[in-house]
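Colleague: based on what follows, work out the 3D shape:
(chains A and B)
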Amino acid sequence: MSYDSIRARLNLYAVLPNLEDVVRDDPQMRALVSDARITVKFLVAGGPSAFVRFVGGVCTVGRGSGPEAAGAPAGSSAASSADSSATPSVVLSFASASHLNKMFGGTGSPIPLWGFTHLGFLKNEFTELTDRMAYYLAPSEELLSHPGYLAMNTQLTLNTAAFAVPVLLGHDADCIPLRHGLTQGTIVIKVLPDGPAVSLVCGASGVLPVKGELSHPSALVLLRDLPTASAFLNGRLDTFAAAVTGEVQIWGRIGMVDTLALVLDRVGKYLTPAAEPAATA
Amino acid sequence: MDTYSFAKSQELFARATKVIPCGIPGHFSPAPLVPPTAYPFFAMSGTGAHFTDVDGNDFIDYMCAYGPMVLGYDNKVVHDAAARQRKLGDTLGAPAPVMVELAEKLTAMIAGADWAFFAKNGGDQTNYATMIARAATGRPLIVAIEGGYHGVAPWMQGAGHHGVIAGDVAGFVRIPWNDVAAFVRVLAENPGQIAGFIATPYHHPTFADSELPDLGYWQSIRELCDRHGVVLIVDDVRCGFRLSLRGSAEFFGFTPDLACYCKAIANGYPISALVGIEALKGEAAKVFYTGSYWYQAVPMAAGLACLAELERLDAPARMQDYGRALTGGMQRLADEHGYELKVTGVPSMPYLRLTDDPSLMLHQRFCSECARRGAYMTSHHNWFMSCAHTQDDLDRTLAIVDDAFAALEKSPEGQGGS
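Modeller: Model prediction:
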């Protein structure tokens, strides 16, 4: 699969689900969409699709064209939580994966296919919301010095990393051979003392990322605190050294964590600002 | 029982991380030790079956430097032989006579070995063996076992690992251990393409129980290799001379075409050997393969002395006996404390696992409690017995194990702590 196709899937399936957290945990954003009742659908021609649904002040992101479409794929954060009530929709169409990636990079615009009566929501509330998510995902030293920003950036980066895993295992040529190392049990990655946390449920059919901490993990990755987690997730920590000093504690089935680390190391190939398609296609 | 602390190890590790990637890279990295803070990172000295860390803590060593220590640290017989050769010369302008003597010794000892070739590490030899197999057959593919460890060259690490590209592993087909039918399938699917079959004498992966060969497994593999003209390579780097002084293949009742040795040859002096059958000597000669220090005479002299000592002591039987006493005693103690301790592999290289917790966190805590009390044993790699382990070591170890199990009972939910 091409670099752009994988990147588009990561944007839709790993980055976009962070809107759920932004709406839930940022009071200003929650207020912004509290009255919204709409589904925004992302369709890439010949490629992936996803939806973002707003109902009752709650944002739900999932794979496919929406909860009314039966059989949302495993891995969708909406698969288990969305009800079947239909909402008015606006559909954003992208001519290609590259087109979608440009929009996520802030340099392209989608083509609204239908739902023109809701363009106001798209241009205003939705744009403000996605800008806010982008803000949380683009840290600087100065921003990370604010505890609130640090917490949000860490949570969203952790989500992105976890939700990137099934995409990369499914499509990245370097990661596909690693599937056999993630076939049984749950890996929990948790920031001590109280989170955030993500869980990766590994089974024969693939890896299902879940926000939060599931019980009875097969392997645990415990990050000492938010600054440690932030440094870990943003590539500013010597992870081997941190594993020895106790900043990062690893327990349980270490082989699974080793394999997971190999997959996570590839996320930056697609999602860092410096990622260059030509270099990796 | 008092427990150790490791302030100097941790201080030195902090210095190491500034100037060495990973602090301590490779198989000595503390990262897989769980929790690392319960283990020493740096050793200062060693005698017999013990080593002392930089904090002055004494350990009964069940990792034996991951295999090379087979007679005990600071072994006088081996050191004296090495010292005599050092006086004559080590890395010289030509190989020393001791190289021939060591080759003669190994070919006399190891069943089916007609020649020997020396290098430094086990991975040098497993790689050389695959090159010889390809040269001898003119075929591209090597069959190996899923999870089998043969060193750190790109083809040995597998696809998806850092620094490994698809082309590095394209010439290898991995099949499950103990699966003769899988080998038959691979042979059928790749007619005239399989150059070699490489595996360890029994399956001893990290993070998983060891598996002995099923009855008739090796004989079936041997027969298939003969029928299809495939070179049979045994990686005896880890097991070599801990099962049989005539080679682990002899222990399991078959004869390979090539066999790789390393760890137990010279009790810590750096040397590895590939031995092979007469029919492959010419092809081995044609494959150009060498290294700056592969002709060092001191390790060869140490190897001669070490092998003689292993024979004198009937080393495999001695290590098997100690391993049986150790693991049997540990299982009895585990049972008394209400745990189930599973032992796999062979007694001289046992792999242990508490089965009560499938996540292995309980087992990790158990091993760490033993390490804190002076029995150095890691949780996810097979252990190694040596000829230097004594009855006193055994008694002391079992006392430590008893206390470690008691410590688990005092804090049953201790996972995540250090």
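Colleague: got the residues of the stretch 201-350 of chain B near chain A?
Modeller: Residues of the stretch 201-350 of chain B lying close to chain A (CB under 8 Å from any CB of the partner chain) are B:Thr206, B:Phe207, B:Ala208. Where C-beta positions appear, they are placed from N, C-alpha and C, glycine not excepted.
Colleague: pick the one among these closest to chain A.
Modeller: B:Phe207 (4.0 Å; CB to the nearest CB).
Colleague: where does the stretch 151-300 of chain B get nearest to chain A, residue-wise?
Modeller: For the stretch 151-300 of chain B, CB to the nearest CB, closest residue to chain A: B:Ala159, 3.6 Å.
Colleague: so where do the helices sit in chain A?
Modeller: With DSSP state H as the criterion, chain A has helices at A:3-10, A:18-25, A:27-32, A:97-104, A:119-121, A:127-136, A:141-144, A:147-171, A:226-233, A:239-245, A:254-264, A:268-271, A:277-280.
Colleague: dump the residue contacts of the residue of the stretch 151-300 of chain B closest to chain A.
Modeller: B:Ala159 makes contact with A:Asp174, A:Pro177, A:Leu178, B:Ala166, B:Asp168, B:Val169, according to CB atoms under 8 Å, 6 or more residues apart in numbering or on different chains.
Colleague: now, of the residues you listed, which are buried?
Modeller: The neighbour-count criterion (16 or more other CB atoms under 10 Å in any protein chain shown) marks A:Asp174, A:Pro177, A:Leu178, B:Asp168, B:Val169 among those as buried.
Colleague: per-residue confidence for A:Ala70?
Modeller: On the pLDDT scale, A:Ala70 is placed at 37.
Colleague: actually B:Ala301, sorry about that
Modeller: Per the predicted model, pLDDT is 98 at B:Ala301.
Colleague: A:Gly235 too?
Modeller: Value listed for A:Gly235 in the pLDDT field: 81.
Colleague: excluding sequence neighbours, find me the nearest residue to it.
Modeller: A:Gly268 (6.6 Å; CB to CB, 6 or more residues apart in numbering or on different chains).
Colleague: can you pull the residues of the stretch 1-150 of chain B lying near chain A?
Modeller: Counting by CB under 8 Å from any CB, the stretch 1-150 of chain B sits next to chain A at B:10, B:13-14, B:17, B:21-23, B:29-32, B:34-37, B:41, B:146.
Colleague: state the pLDDT value of A:Leu177.
Modeller: Residue A:177: Pro, not Leu. Looking at A:Pro177, the pLDDT reads 89.
Colleague: residues contacting B:Trp155?
Modeller: Taking CB under 8 Å, 6+ apart, we find B:Trp155 in contact with B:Asn127, B:Thr130, B:Ile142, B:Asp168, B:Val169, B:Gly171, B:Phe172.
Colleague: got a pLDDT number for the fourth one?
Modeller: Think B:Asp168. 94.
Colleague: correct me if wrong: it contacts B:Pro154.
Modeller: Yes - at 3.6 Å, B:Asp168 counts as touching B:Pro154 under the criterion of CB atoms under 8 Å.
Colleague: neighbours of A:Gly235, how many?
Modeller: A:Gly235 has 11 neighbours, counted by other CB atoms under 10 Å in any protein chain shown.
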